[in-house]
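[1] Please work out how this folds:
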Amino acid sequence: MSLTPPIVPLDPLPMRDRVVVVTGGAQGIGRGIAQAVLGAGGRVAIGDLDRDAGAACLAEWNVGDRAWFAPLDVAREASVRGFLRKAAARLGPIDGLVNNAGPADPQVDDLATLPLAQWRRFVDAHLTGAFLCCKHALPMLRERQGAIVNIASSRVLQSEAHTEPYAAAKGGLVALTHALAISEGPRVRANAISPGWIVTDDWRRPAARRRPKLSRRDHAQHPAGRAGTPEDIAALAVHLLSPASGFVTGQNIVVDGGMTRKMQYA
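    Purely as a prediction, here's the structure:
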């Protein structure tokens with residue numbers, strides 16, 4: 001009698017009938033993750049400040065009641081609470097949460113003259129927003145043995161000048177991730193993804209879309225041979241949200257085409 005486990009076919013729809021919330025899900029990386037969840041058989045609730053982008057997602061996806069959009073300001077607790085309640089009422093109990101919302105452009109003025117409001121804009125959206133979403137989603141996630149994926153950044157490991165608020169907020173998000181994993185295990189898994197250069201020009205709302213303009217040098221500097229796309233992040237996000245990654249928690253996975261492993265000199 002053999003003790004070797006049998007070969008088990010991979011599930012072609014790893015998110016079958018699972019409900020996932022994606023904040024900042026109407027454009028860019030968030031939209032890429034939402035589409036991947038739908039492609040993997042799941043249902044998705046996207047929250048975003050951009051109403052036009054959210055409406056465009058539903059119209060272009062055309063998946064009926066498998067997708068739902070509502071305006072969401074993750075920095076406001078009442079907005080988060082109401083959004084999650086409505087999402088569960090429309091789609092069912094939440095199995096997965098992707099904290100992706102927040103300003104994408106990391107550049108700010110000199111820190112010595114930076115207004116406090118600008119600092120808070122980054123921290124409130126990226127870090128406090130993730131806290132609020134986790135706070136109000138956790139009761140459902142615990143019941144469903146769910147998963148959280150926080151979208152951080154390769155800037156938690158390396159920086160350009162004048163990006164302090166963004167780097168600090170994303171660094172805090174990685175720390176929040178492993179703290180959540182310890183507090184919530186084994187009921188809820190929590191992981192972070194830190195994207196590098198992800199090209200999102202053609203993943204915006206219809207009126208703002210444009211063909212990406214990258215040079216050969218832009219692509220060639222990456223050990224992988226190209227800059228990233230939302231699909232690159234989405235594929236990993238779906239894996240981390242699915243039961244297939246049941247032994248993965250508390251991790252920050254860098255997806256940057258190898259750039260943070262490349263020695264660079266001026």
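[2] Next, count neighbours for Gly39.
    By other Cβ atoms under 10 Å, the residues close to Gly39 number 15. (Glycine included, C-beta is placed from N, CA and C.)
[3] Tell me the pLDDT of it.
    Note for Gly39: predicted pLDDT of 98.
[4] what residue ranges in the chain are flagged as low confidence?
    1-2 (pLDDT under 70).
[5] Downstream of the longest helix seen in the chain, the next helix or strand is which one?
    For the chain, the longest helix by residue count, based on DSSP state H, is helix 164-184. With elements assigned by DSSP states H and E, the helix or strand that comes after helix 164-184 is strand 189-195.
[6] what angle do that next one and helix 164-184 make?
    With axes from the mean of the first three to the mean of the last three Cα atoms, to 10 degrees applied, the angle from strand 189-195 to helix 164-184 works out at 160 degrees.
[7] Which residues outside strand 189-195 are in contact with it?
    Residues from elsewhere that reach strand 189-195 (Cβ atoms under 8 Å, 6 or more residues apart in numbering): 29, 146-157, 170, 173-174, 177-178, 180-181, 184, 228, 232-233, 236-237, 240, 245-246, 248-256.
[8] Helices of the protein, start to end?
    28-39, 51-61, 77-91, 116-122, 129-144, 164-184, 216-220, 230-241.
[9] most neighbours per residue, which of the ones you listed?
    Highest mean neighbour count of these: helix 28-39, a mean of 25 (counted as mean count of other Cβ atoms under 10 Å).
[10] helices or strands next to that one in the packing?
    strand 19-23, strand 43-48, helix 51-61, strand 96-99, strand 147-151, helix 230-241 (3 or more Cβ pairs under 8 Å, 6 or more residues apart in numbering; DSSP states H and E).
[11] Let's have those in TSV, adding distance to Glu77.
    Putting these into TSV (distance: least, Cβ to Cβ, whole Å) gives the following:
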stretch	distance to Glu77
strand 19-23	14
strand 43-48	14
helix 51-61	20
strand 96-99	15
strand 147-151	18
helix 230-241	24
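[12] of those, which approaches Arg211 most closely?
    helix 230-241 (15.2 Å; Cβ to Cβ).
[13] gap between the closest one and the chain center?
    For helix 230-241, the separation from the chain centroid amounts to 9 Å (computed by Cα atoms, centre = their mean, to the nearest Å).
[14] just the angle between that helix and strand 19-23, please?
    Going by the same axes, to 10 degrees, helix 230-241 makes 130 degrees with strand 19-23.
[15] Which residues does helix 230-241 contact?
    Applying Cβ under 8 Å, 6+ apart, the contact partners of helix 230-241 are 14-15, 18, 20, 28-29, 31-33, 35-37, 40, 95-96, 98, 147, 149, 151, 189, 191, 193, 195, 198, 200, 203, 245, 248, 253, 255.
[16] These, buried ones only, as a PyMOL selection?
    A single PyMOL command selects the buried members of those (16 or more other Cβ atoms under 10 Å):
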select buried, resi 14+15+18+20+28+29+31+32+33+35+36+37+40+95+96+98+147+149+151+189+191+193+195+198+200+203+245+253+255
